[in-house]
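Q: Sequence plus predicted model, see below.
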Amino acid sequence: MAFHRLALLFLGLLVFPYLSLSADHGAVATVHELATDSALDTLRRGGNAVDATVAAALTLGVVDGHNSGIGGGCFLLIRRANGEVVAIDGREMAPAAASKDMFLRNGQADPKLSQTGALAVGVPGSVAAYEYAVKHFGKLDWKSVILPAAGIAEHGFVLGRSYAGRLASMGDEMKAFPATRAIFLDKAGRPWKSSDLLRQPDLASSYKALADQGSEWFYKGPFAVATAAWMKSNGGLLTESDFRNYQIKLRQPLRTTYRGYEIIGFPPPSSGGVHVAEILNILELFDLKRMGLNSADFIHVVTEAMKLAFADRAHWLGDPDFVPVPRGLISKDYAAAMAQRIQMDRAKPVPSHSIPANATSDTFGKHTTHLAVSDSDGNWVACTATINTTFGSKVVVPGSGVVLNNQMDDFSAQPGVANFFGLVGTEANAIAPGKRPLSSMSPTIVLKDGKPILSVGAAGGPTIISQTLLAIIARVDFGLAPEAALAQARFHHQWLPDELRIEKAVPAAVQNELRKRGHKLNVMDSLGACQVIGWNEKIRTFEAAHDPRVNGKAGTF
């Protein structure tokens, strides 16, 4: 390897400090210390990785409530000890009264309507998904998994800088909703600050009701009634019937291969599983290891593959229960055709999507957080949960403490019009009653010789896909342990807008070379938040790492 490539690798490893631990009983990685501790405590109490994942997710709904919570949705990817893989779709659903043009005013999409307030909210799915997972695949009872999080909500926790910063940035929008204001702002209407103690007694009561009554309380009981009443008084569409009719979906996991490893991803309405697989299939035809991690060649070829995949995302991807999503997007032959379009000396425009074989006949069956958990029995879980943007719709149903999502913004409100994350879509992701919006969430489990060796996923809108992709490449192509993989500089291209987002840690010489090849660089301090659990076969131990770009904790025992 040339000195240039060695230098880049060395610099990449120094970008961030390592944050990992190893042990042989179990491992957890989340974005908050209290959530990781809750998961580890659940494992010590005899729970398995499924119990621990749900315990951590419910805790995150308290201490990381600007990113996720029971007012949102999730994807759970479970690889059980017996080898079975389960994909639980807890994605939100559009209300029955939703319509294709519901966010248009004077013929134009109004982003405020899909991002803030009553119309922005889809039927939450996390509660149903978490309860199903614990009852069918866990070892502990539902009540014992949820009550520890209720205790944290009741007694409070000290706000960190990240949470306080999110509050400060959203304070003005949150003032519009009395129940939200009462929780997150002080009596003078100012957001709580770092080191303040945030208590959420209403959320604690909601958690306790869930513990005692299960999901019936949420979907068919007092919460559904209260939410429907608030919606009716505030111009929303959600009804008691919408809650009553919500169902999780058990999806067929998406299985592909990459350089002899099996990649298990989440199928549509996740776009992440499809496009992580599509990009890996393209890159399998290039010698990334010879190029060198974070070299100009490496970043260029991965970026060009990202552009091709995201163009396909905009056209083809949507809820498979409503639109045909071609399986051909993840075929090796299709990837080979895509790879031929990449030129190493220049960035090529991608004017539109491509068309895989049998596109209409061979189809899939009808701000965010990620956590990864594994246990010594052989259960591995990758879970990504969200309420979409920071504090979702900013709506809290009075008396519940539950922050509701703004997942309706993940639909294509109007063909060609970008959502909050700059993503555009077509008819495949148009709004329809009962439909689930397209998601970038990419919970992924990697197997070698039939055994799990990696659980990975991320937060950060469409960058979830690129973060997950880069973590897999770091492990498979370059043999990096979880902490080293997460320490690498990141980059992201989503086709539109036509720009390469790249962390400033990438050396100036590499950035300049990328510009010479025609890339439009948007240099950023940091990009995303990824969590990884790995298995080191040589020393037979788990390795856990949380993203050093954000607060969090990796724990093992």
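A: Cool, got the structure.

Q: Tell me how far the closest residue in space to Leu203 that isn't next to it in sequence lies from His367.
A: Leaving aside its sequence neighbours, Leu203 sits nearest to Gly401 (C-beta to C-beta, 6 or more residues apart in numbering; 3.0 Å). In this view, the C-beta of every residue, glycine as well, is placed from N, C-alpha and C. Gly401 is 19 Å from His367, where distance means C-beta to C-beta, to the nearest Å.

Q: ok, the two, which is more surrounded?
A: For the pair Gly401 and His367, the greater number of neighbours falls to Gly401 (26 against 21), based on other C-beta atoms under 10 Å.

Q: In contact with Asp64: list those residues for me.
A: Remark: with contacts taken as C-beta atoms under 8 Å, 6 or more residues apart in numbering, Asp64 is in contact with 31-32, 35, 163, 369.

Q: Mind doing that once more with 10 Å?
A: By C-beta atoms under 10 Å, 6 or more residues apart in numbering, the contact set of Asp64 is 30-32, 34-35, 57, 160, 162-163, 166, 369, 385, 459, 550-552.

Q: Skip the chain neighbours and tell me the closest residue to it.
A: Looking at Asp64 with C-beta to C-beta, 6+ apart, the closest residue is His32, at 5.1 Å.

Q: Could you check the pLDDT of the one you found?
A: In this prediction, His32 carries a pLDDT score of 96.

Q: Start the count at 572 instead of 1 going forward.
A: Sure, I'll start numbering at 572, so the last one becomes His603.

Q: That one is in contact with Ala1100, isn't it?
A: No: with contact defined as C-beta atoms under 10 Å, His603 does not count as touching Ala1100 (11.1 Å).

Q: shared neighbours of those two, which are they?
A: Counting by C-beta under 10 Å, 6+ apart, the common neighbours of His603 and Ala1100 are 638, 733, 940, 1117, 1121-1123.

Q: so which of the residues you listed comes closest to Ala1080?
A: Taking C-beta to C-beta as the measure, Ala1080 sits nearest to Val1121 out of the shared contacts of His603 and Ala1100, at 28.2 Å.

Q: Verify the contact between the closest one and Gly1099 for me.
A: Yes: the pair Val1121 and Gly1099 passes the contact test of C-beta under 10 Å, sitting 8.7 Å apart.

Q: list residues touching both of these two?
A: Residues within reach of Val1121 and of Gly1099 at once, by C-beta under 10 Å, 6+ apart, are 1030-1031.

Q: Looking at the two, which is more packed in?
A: Neighbour comparison, Val1121 and Gly1099: the larger count goes to Gly1099, with 25 against 19 (by other C-beta under 10 Å).

Q: how near is the closest residue to the more buried one other than its chain neighbours to Val716?
A: When the adjacent residues along the chain are set aside, Gly1099 lies closest to Gly1031, with 3.8 Å between them (C-beta to C-beta, 6+ apart). Gly1031 is 27 Å from Val716, where distance means C-beta to C-beta.

Q: Look at the two and report which has more neighbours.
A: For Gly1031 versus Val716, the count of surrounding residues by other C-beta under 10 Å is larger for Val716: 29 against 24.

Q: That one belongs to a strand, doesn't it?
A: No: under the criterion used here (DSSP: H, G, I helix; E, B strand; the rest coil), Val716 is helix, not part of a strand.

Q: can you pull out the strands in the stretch 822-971 of the chain?
A: Counting by DSSP state E, counting those that start in this stretch, the stretch 822-971 of the chain has strands at residues 825-829, 832-836, 939-946, 951-957.

Q: Can you tell me which of those is nearest to Asp868?
A: For those, proximity to Asp868 was assessed by C-beta to C-beta; strand 825-829 is nearest, at 19.0 Å.

Q: what angle separates that closest one from strand 832-836?
A: Inter-element angle recorded for strand 825-829 and strand 832-836: 150 degrees (by axes from the mean of the first three to the mean of the last three C-alpha atoms, to 10 degrees).

Q: Can you point out the buried residues in strand 825-829?
A: The neighbour-count criterion (16 or more other C-beta atoms under 10 Å) identifies 825, 827, 829 as the buried residues of strand 825-829.

Q: Let me know the closest of those residues to Phe982.
A: Nearest to Phe982 among these, counting by C-beta to C-beta, is Leu825 at 21.9 Å.

Q: what are the bridge partners for the closest one, then?
A: Residues found in beta-bridge contact with Leu825 (criterion: DSSP bridges) are Gly836.

Q: Hmm, it is touching Gly844, no?
A: Yes: using C-beta under 10 Å, Leu825 is in contact with Gly844, at 4.3 Å.

Q: shared neighbours, these two?
A: By the contact definition C-beta under 10 Å, 6+ apart, Leu825 and Gly844 are jointly contacted by 648, 658, 834-838, 901, 935, 1015.

Q: Dump the shared contacts of His603 and Ala1100 into JSON lines; add pLDDT as well.
A: Rendered in JSON lines, the data for those read as follows (pLDDT from 0 to 100):
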{"residue": "Asn638", "pLDDT": "96"}
{"residue": "Ser733", "pLDDT": "91"}
{"residue": "Thr940", "pLDDT": "92"}
{"residue": "His1117", "pLDDT": "94"}
{"residue": "Val1121", "pLDDT": "92"}
{"residue": "Asn1122", "pLDDT": "90"}
{"residue": "Gly1123", "pLDDT": "93"}
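
Q: Need the max-distance pair from the residues you listed.
A: Between all members of the shared contacts of His603 and Ala1100, the longest pairwise span (C-beta to C-beta) is found for Asn638 and His1117 and amounts to 14.0 Å.

Q: which residues do the two both contact?
A: With contacts taken as C-beta under 10 Å, 6+ apart, Asn638 and His1117 have 602-603, 941, 1100 as neighbours in common.

Q: out of those residues, who has the most neighbours?
A: The most neighbours of any of the shared contacts of Asn638 and His1117, using other C-beta under 10 Å, belong to His941, which has 37 neighbours.
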